[in-house]
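**Student:** here's my sequence, what's the structure:
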Amino acid sequence: MMKISYQPFELQLKHPFTIAKFSRSSTPVMLLQIEYEGYTGYGEASMVPYMGESIETASQFLAKLDLSWLKMPFNFDEIITYLDSIAPGNPNIKAGIDIALHDLEGKIENKPCYRSFGSDPANMPATSYTLGIDTAEVLIRKIKEGKGCHIIKVKLGRDNDQELINTIRSATDKPLYVDANQGWADKQQGLDMVFWLHEQGVVLIEQPMAKDDIDSNAWITERSPIPIIGDESVQRYSDVEKALGVYHGINMKLMKSAGMHEGYRMIMKAKELGLKTLIGCMSETSCGTLAAAALAPLCDWADLDGPFLTSNNPFLDPPFVNGRWVLTEDAGLGLKNK
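**Tutor:** Down below sits the predicted model:
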C-alpha cells in the first residue's frame, strides 16, 4: 500500500529576493514523502508567488490524490495524465509528487535517478549564482558569498540595469547570465541593451519582453548576438514547440513542468527542434536541486542555486565541486537528511 504524507515548510532566503516586478524574503514549500514496501521517496513543491499556488491549493490537490492504483515500474506518462485529470494547472504540487515517485522508484530499483534519463555526470554544466536586484553594497557582498560558482546570474528589468551591471563588473569578471523577467517594455531599447550586455560578457538573456509579446521577443531574438531564452513563456511540454522562432532556447524548471518526467520530455523536444536548454529552479531545498541535477547533464546551461540562496535548508547540501553539482551512485535522488 502506498502512503503519502506531507508538511508545509517556509523556506527562508538569505537576502530579500527582488526581481523586475516584486520582492520576497521566503518561499512556501510543501515537502512530501511517499512510502511503499519499506522505501521512502522524497519530493518538494516550491510555490513562488507568481505561479499562483499556495500551501492551501497544494493541500486541496493532495486531498484528491489516490495512488493506490500505482504499480512498479511506474508509468510516468500515465501518472502525469492522472495528475492533470485531478485539476488543471498546479504544476508545483504535481512536480513534488513526480519527484517523490522518481526518488522512490530509484530506491526500489537501487539506482540513481539520473541513470533513468541517460544523464552522464561527466557532462554536468556549471551552475550560476543568482543576484536579485539590490544596492551596490549588498550586490558586492552577494558576489563574495557566491564565490564557489563560476557564473553569476543577474536579475534586471528596471531603469537602473546598466548601473547594476557596472557594479557587478567592478567586483568580478565572471561570465554573466541575465534574466529580465519580462521587465523590458520597448523592443528597440531592449535590443540596444542586448548589444551593450554582450559587450559586458553576458552569455545569455532570459525573457526580455512580456511573455505574451511574441512579436517583440522574436524581433529581439532574430537580431541578438547572444542566445535569448524563453522562461515565463515556456511552462510545460506543449509550450516548447511554440518557442521555435521566438527564442533561441528554453528555461525548463521542474516547478513549471510538473516534474522530472515532463521536464525530461521538454529537454528532448527542445533538442529535436534545435533549441538550446537552460535548466533553472525556484527557491528550492536540496530535494528539488537534486531532482533537477539529475537532468542537468542533458542541458546546455544550469541555474540550480537554491541551497546557496536559502538559510534553513532541511537537508544536507548536495556535493558541489568546481562550480558543479556532483551526482553520486546513491539510489534515487541521493538526498541526505541533516
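**Student:** any idea how far Ala292 is from the residue most central in space within the chain?
**Tutor:** Per CA atoms, centre = their mean, the C-alpha nearest to the average position across the chain is that of Cys281, at 1.9 Å. From Cys281 across to Ala292, the span is 6 Å (CB to CB, to the nearest Å). Where you see a C-beta, it was placed from the backbone N, CA and C, and this is true even at glycine.
**Student:** what's the answer for Phe315, then?
**Tutor:** Distance of Phe315 to Ala292, computed by CB to CB: 14 Å.
**Student:** list the buried residues in stretch 257-275.
**Tutor:** By neighbour count on 16 or more other CB atoms under 10 Å, the buried set for stretch 257-275 is 257-270, 275.
**Student:** I meant to write stretch 61-81 there.
**Tutor:** Phe61, Leu62, Leu65, Leu67, Leu70, Phe74, Phe76, Ile79, Ile80.
**Student:** how about the CA coordinates for it, as PDB?
**Tutor:** The C-alpha coordinates for stretch 61-81 follow below in PDB (Å, rounded to 0.1, in the frame of the first residue of the first chain):
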ATOM      1  CA  PHE A  61      -4.900  18.900  -4.600                       C
ATOM      2  CA  LEU A  62      -3.300  16.300  -2.300                       C
ATOM      3  CA  ALA A  63      -6.600  15.700  -0.700                       C
ATOM      4  CA  LYS A  64      -7.900  14.400  -4.000                       C
ATOM      5  CA  LEU A  65      -4.800  12.300  -4.700                       C
ATOM      6  CA  ASP A  66      -5.200   8.500  -4.900                       C
ATOM      7  CA  LEU A  67      -2.000   6.500  -5.600                       C
ATOM      8  CA  SER A  68      -3.500   3.100  -4.700                       C
ATOM      9  CA  TRP A  69      -3.500   2.000  -8.400                       C
ATOM     10  CA  LEU A  70       0.200   2.500  -8.900                       C
ATOM     11  CA  LYS A  71       2.400  -0.500  -9.600                       C
ATOM     12  CA  MET A  72       6.100  -0.800 -10.300                       C
ATOM     13  CA  PRO A  73       7.700   0.000 -12.700                       C
ATOM     14  CA  PHE A  74       5.900   3.300 -12.700                       C
ATOM     15  CA  ASN A  75       4.400   4.500 -16.000                       C
ATOM     16  CA  PHE A  76       5.100   8.300 -15.700                       C
ATOM     17  CA  ASP A  77       3.000   9.100 -18.900                       C
ATOM     18  CA  GLU A  78       0.100   7.600 -17.100                       C
ATOM     19  CA  ILE A  79       0.900   9.300 -13.800                       C
ATOM     20  CA  ILE A  80       1.100  12.800 -15.400                       C
ATOM     21  CA  THR A  81      -2.200  12.200 -17.200                       C
END
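**Student:** where does Leu204 sit, in terms of helix or strand?
**Tutor:** strand 202-206 (DSSP states H and E).
**Student:** what packs against the next helix or strand after that strand?
**Tutor:** Of the helices and strands lying after strand 202-206 in sequence (DSSP H and E), the nearest is helix 214-223. The contact analysis (3 or more CB pairs under 8 Å, 6 or more residues apart in numbering; DSSP states H and E) places helix 214-223 against helix 187-199, strand 228-230.
**Student:** can I get those in TSV with distance to Phe117, mean neighbour count and mean pLDDT?
**Tutor:** Compiled in TSV, the helices and strands packed on helix 214-223 are given as follows (distance: least, CB to CB, whole Å; neighbours: other CB atoms under 10 Å; pLDDT from 0 to 100):
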stretch	distance to Phe117	mean neighbour count	mean pLDDT
helix 187-199	33	16	96
strand 228-230	21	27	98
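**Student:** mind checking these for the one nearest to Gly249?
**Tutor:** strand 228-230 (4.8 Å; CB to CB).
**Student:** measure stretch 30-48 end to end?
**Tutor:** In stretch 30-48, first residue to last residue: 11 Å (CA to CA, to the nearest Å).
**Student:** quick one: average pLDDT of it?
**Tutor:** Regarding stretch 30-48, the rounded mean pLDDT is 97.
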